[in-house]
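Q: Here is my input, please return the structure:
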Amino acid sequence: MLSQRVRRSLIVCAALFGVAVLLLPVPAIELLGVPLIVAAAYLGGLRGGVVMAAWAVAVATAGHFLLARAEPGEFAVSLILYAAVAIGLGLGIDRFVEQRRQLLDAVERAEAMQRQLVASQKRYRLLFEVSNDVVYLHGLDADGEPTPFVAVNDAACESLGYTRGELVGLTPRAIDAAVAPGQMRRMMQELLVEDRVVYESVRRHRDGSRTPVEISSSLTEVDGELMVISISRDISGHKESQRRLEQLSLHDELTGLKNRRGFNVFLAEQSKRAKRSGGKSVVLYGDIDGFKAINDTYGHHRGDDVLTAVAWALRTTFRESDLLARLGGDEFCVVAEADADAEVLAGRLREAVSAAGQRLGIEVSISCGVVVADWHGLDAPDQLLAHADALMYEAKRAKGGAARGAPAEEPDEPDEPA
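A: Below is the predicted model of the structure:
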């Protein structure tokens, strides 16, 4: 776009050229017309040159007819010269201006990208250093094996117990304690395909302690070299919450024994163990005699004490490796290795339950149905429990269905079972 001042200057020159046509001879007119058109083309490109050429042709034509100073042939040559100069120079100027504009745009884009890159690097360095998570940068060799760290943040040094200089000399394998063999190599191979992977692992501290972590690794380019940037986040709290939720979902809240769901889950483990050993298992199914009467006589809070006492009796009678469960209400079940006589085990349990009741000041007894089964039987728990349940009710009938829950004759001072 021509400035107002340039346009005024060209108009003045064009007017002077019109006056000169009337006063000067033809050769002088031709000499004056060419620089005028050149100037217009230079300043205004093709459009400016053509406009000024048209003006020069119009003025020269008018002067020719008014003054008849030149032959028509000479006049035609002047007109062609004006047009050639205007079009040729104008096209050249337009092309030059366009190329210059493209070059300036490219330079501006490059400068903008450079500014963005600098800003991005500043943000990256800031996030890298101030992050509370462990952040480290390393390369990959031709086989996809992680190479030594090239950068680590302060959190990595604090969390792992190394100085920055010590860590830079190590590879990620020095701090990796993944349970699954070959996990890191698989993740690096996957990273080359997916550009980003997120996985759980275990981080090894300098003192040998271990921390469960979630690692997010991404491919990036640093100075033209492909690198891996990883963020390692401590998930100990999350794992502990998971463990507690699992504990609650598989265990009875009152007694701490397995609940029905936990019984079914761990019974499969007992079956596998019995299959490996080739031995048999004792399945003991029982419930508390007269438990409703205990609740009616002493209240439900004392009924809960009795349930807790029976759970304590189970723990003192059987081993930690045995499966102990409260299936609901006052029904309990035990799956134990049959390395002792089944009836002897049942007798020990009845004695332990009676002792626990005496400590509460309440007469407590339990009726049991006992079945000895191999791993085939453990794989059919519904049938197994139904059989044990039927035997348990036979034991109750043998006792005459007597209600329990009367106070002991000389109750000891109540003492909560451990």
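
Q: C-alpha from now on. contacts and neighbour counts both.
A: OK.

Q: Can you show me the strands along the stretch 101-250 of the chain?
A: 134-140, 146-152, 196-204, 210-222, 225-234 (DSSP state E, counting those that start in this stretch).

Q: most packed of those strands?
A: Most buried of these, by mean neighbour count (mean count of other CA atoms under 10 Å): strand 134-140, with a mean of 22.

Q: Name the nearest residue to residue 152, ignoring sequence neighbours.
A: residue 136 (4.3 Å; CA to CA, 6 or more residues apart in numbering).

Q: Who are the contact partners of that neighbour?
A: Residues near residue 136 by CA atoms under 8 Å, 6 or more residues apart in numbering: 149-153, 156, 229-231.

Q: which two of these lie the greatest distance from each other?
A: Farthest-apart pair in the contacts of residue 136 is 150 and 231; separation 14.4 Å (CA to CA).

Q: Using a markdown table, lay out the strands of the stretch 101-250 of the chain together with distance to residue 292 and mean pLDDT.
A: Below are the strands of the stretch 101-250 of the chain laid out as a markdown table (distance: least, CA to CA, whole Å; pLDDT from 0 to 100):
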| stretch | distance to residue 292 | mean pLDDT |
| --- | --- | --- |
| strand 134-140 | 58 | 88 |
| strand 146-152 | 66 | 89 |
| strand 196-204 | 50 | 91 |
| strand 210-222 | 47 | 88 |
| strand 225-234 | 49 | 87 |
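
Q: how about those in CSV, adding distance to residue 261?
A: Output for these, formatted as CSV (distance: least, CA to CA, whole Å):
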stretch, distance to residue 261
strand 134-140, 39
strand 146-152, 44
strand 196-204, 27
strand 210-222, 27
strand 225-234, 31
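
Q: Of those, which is nearest residue 174?
A: That would be strand 196-204 among those, by CA to CA, at 7.7 Å.

Q: Just want the angle from the closest one to strand 225-234.
A: Per axes from the mean of the first three to the mean of the last three CA atoms, to 10 degrees, the angle that strand 196-204 makes with strand 225-234 is 60 degrees.

Q: Kindly export strand 196-204 (C-alpha atoms) in CSV.
A: Below are the C-alpha coordinates for strand 196-204, written out as CSV (Å, rounded to 0.1, in the frame of the first residue of the first chain):
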residue,chain,number,x,y,z
ARG,A,196,3.8,-43.2,26.3
VAL,A,197,3.3,-46.0,28.9
VAL,A,198,2.0,-46.0,32.4
TYR,A,199,2.7,-49.0,34.7
GLU,A,200,3.1,-50.0,38.3
SER,A,201,6.5,-51.1,39.6
VAL,A,202,8.6,-51.0,42.8
ARG,A,203,11.4,-48.5,43.5
ARG,A,204,14.5,-49.5,45.3
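
Q: follow-up on the earlier one: looking at the contacts of residue 136, spot the one nearest residue 80.
A: residue 229 (69.5 Å).

Q: Could you find the closest non-adjacent residue to that closest one?
A: Nearest non-adjacent residue to residue 229 (CA to CA, 6+ apart): residue 137, at 4.5 Å.

Q: wait, that neighbour sits on residue 151?
A: Yes - applying CA atoms under 8 Å, one finds residue 137 in contact with residue 151, separated by 5.1 Å.

Q: State the helix or strand in which residue 334 lies.
A: Under the criterion of DSSP states H and E, residue 334 resides in strand 331-337.

Q: and that strand, what other elements does it pack with?
A: strand 281-288, strand 323-328 (3 or more CA pairs under 8 Å, 6 or more residues apart in numbering; DSSP states H and E).

Q: Domain map for this protein?
A: 4-105, 131-238, 251-398 (automatic domain parsing).

Q: Could you tell me the end-to-end distance of the longest one?
A: As for domain 251-398, its first-to-last residue distance stands at 32 Å under the measure CA to CA, to the nearest Å.

Q: mind listing what's buried in whatever helix or strand residue 351 lives in?
A: Residue 351 belongs to helix 342-360 when assigned by DSSP H and E. Buried residues in helix 342-360, counted by 16 or more other CA atoms under 10 Å: 342, 345-346, 348-360.

Q: so what's residue 172 up against?
A: So residue 172 contacts 146-149 (CA under 8 Å, 6+ apart).

Q: Which pLDDT value does the model give it?
A: Residue 172 is assigned a pLDDT of 90 by the prediction.

Q: Where does the prediction get shaky in the stretch 1-150 of the chain?
A: For the stretch 1-150 of the chain, residues meeting the criterion pLDDT under 70 lie at 1-7, 9, 17-33, 42, 44, 63-78, 90, 117-130.

Q: now the helices: where do they sit in it?
A: 4-23, 26-67, 72-130 (DSSP state H, counting those that start in this stretch).

Q: circling back: deepest-packed of the domains of the chain, please.
A: domain 251-398 (a mean of 19).

Q: and that domain, average pLDDT?
A: Mean predicted confidence for domain 251-398 is 87.

Q: can you put the helices and strands packed on strand 331-337 in TSV and add distance to residue 240?
A: TSV is the format used below for the helices and strands packed on strand 331-337 (distance: least, CA to CA, whole Å):
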stretch	distance to residue 240
strand 281-288	32
strand 323-328	23
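
Q: thinking again about what came up before, please identify the pairing partners of the strand holding residue 334 and their relative orientation?
A: strand 281-288 (antiparallel), strand 323-328 (antiparallel) (DSSP bridges).

Q: do you know which of those lies nearest residue 60?
A: Of the strands paired with strand 331-337, nearest to residue 60 by CA to CA is strand 323-328, at 116.5 Å.

Q: From the rest of the structure, what touches that closest one?
A: Residues contacting strand 323-328 (CA under 8 Å, 6+ apart): 252, 255, 257-260, 262-263, 266-267, 270, 314-315, 332-336.

Q: now stretch 144-161
A: Contacts for stretch 144-161 (CA under 8 Å, 6+ apart): 128-141, 163-164, 167-173, 175, 185, 188-189, 204-207.

Q: Go again with 6 Å.
A: 129, 132, 134-140, 163, 168, 170-171, 205-206 (CA atoms under 6 Å, 6 or more residues apart in numbering).

Q: Show me the two of those residues that sit farthest apart.
A: 132 and 140 (25.2 Å).

Q: what's the closest of the helices and strands packed on strand 331-337 to residue 384?
A: Nearest of the helices and strands packed on strand 331-337 (CA to CA): strand 281-288, 8.1 Å.

Q: how about residue 213, what does it touch?
A: 200-202, 233-235.

Q: How far away from the center of its chain is the helix or strand hosting residue 314?
A: Counting by DSSP H and E, the element that carries residue 314 is helix 300-317. Offset of helix 300-317 from its chain centre (CA atoms, centre = their mean, to the nearest Å): 45 Å.
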